[in-house]
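Colleague: Predicted coordinates and the sequence they were generated for:
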Amino acid sequence: MKKVEIFDPAMCCSTGVCGPSVDPELTRVASAVHLLESSGIEIKRYQLTNDPDKFADNSTVSSILHEKGTDALPITLVNGEIVQTGSYPTNEDLAKWLNVKLETLQAKPKSKLSINLNSLN
């Protein structure tokens, strides 16, 4: 089975919903990672802010960062080999690399959360 690792730049969170505005690209990636993990695929994300040891311990990633700087982030590895730098993989890329159906990455949550704001008073 293939293993995917995504090395993110420094940021406050990987979901894209923190800060003054929502980043749809980060939200898409977070959703794709969650769906792949739920399907049993080995996929990990590491943030420069929270996981600097993962960056330092991976000689491939460390070498790219020394050569190109943080502009190379995000860096995506499949089975330890660099497949993309400087941007996040598309859902199509992930589906191709992992040999999964694209629909797997476009699934919507099956249950909806209902919040009664009147009960918060």
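Modeller: Okay, I see it.
Colleague: Can you list the buried residues in the one helix or strand H34 maps to?
Modeller: Assigned by DSSP states H and E, H34 falls within helix 24-38. Across helix 24-38, burial judged by 16 or more other C-beta atoms under 10 Å covers 26, 28-33, 35-36. Glycine gets a C-beta too; all of them are placed from N, C-alpha and C.
Colleague: can those go into CSV with extra columns for pLDDT and distance to L94?
Modeller: Below are the buried residues of helix 24-38 laid out as CSV (pLDDT from 0 to 100; distance: C-beta to C-beta, whole Å):
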residue, pLDDT, distance to L94
L26, 89, 15
R28, 90, 10
V29, 92, 9
A30, 91, 13
S31, 91, 11
A32, 93, 6
V33, 93, 9
L35, 92, 10
L36, 93, 7
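Colleague: Can you add distance to V4 and give these back as CSV?
Modeller: Shown next, in CSV, are the buried residues of helix 24-38 (distance: C-beta to C-beta, whole Å):
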residue, distance to V4
L26, 16
R28, 15
V29, 11
A30, 14
S31, 15
A32, 10
V33, 9
L35, 13
L36, 8
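Colleague: Tell me which other helices or strands the helix holding H34 touches.
Modeller: Packing contacts for helix 24-38, counted by 3 or more C-beta pairs under 8 Å, 6 or more residues apart in numbering; DSSP states H and E, involve strand 3-8, strand 42-47, helix 91-98.
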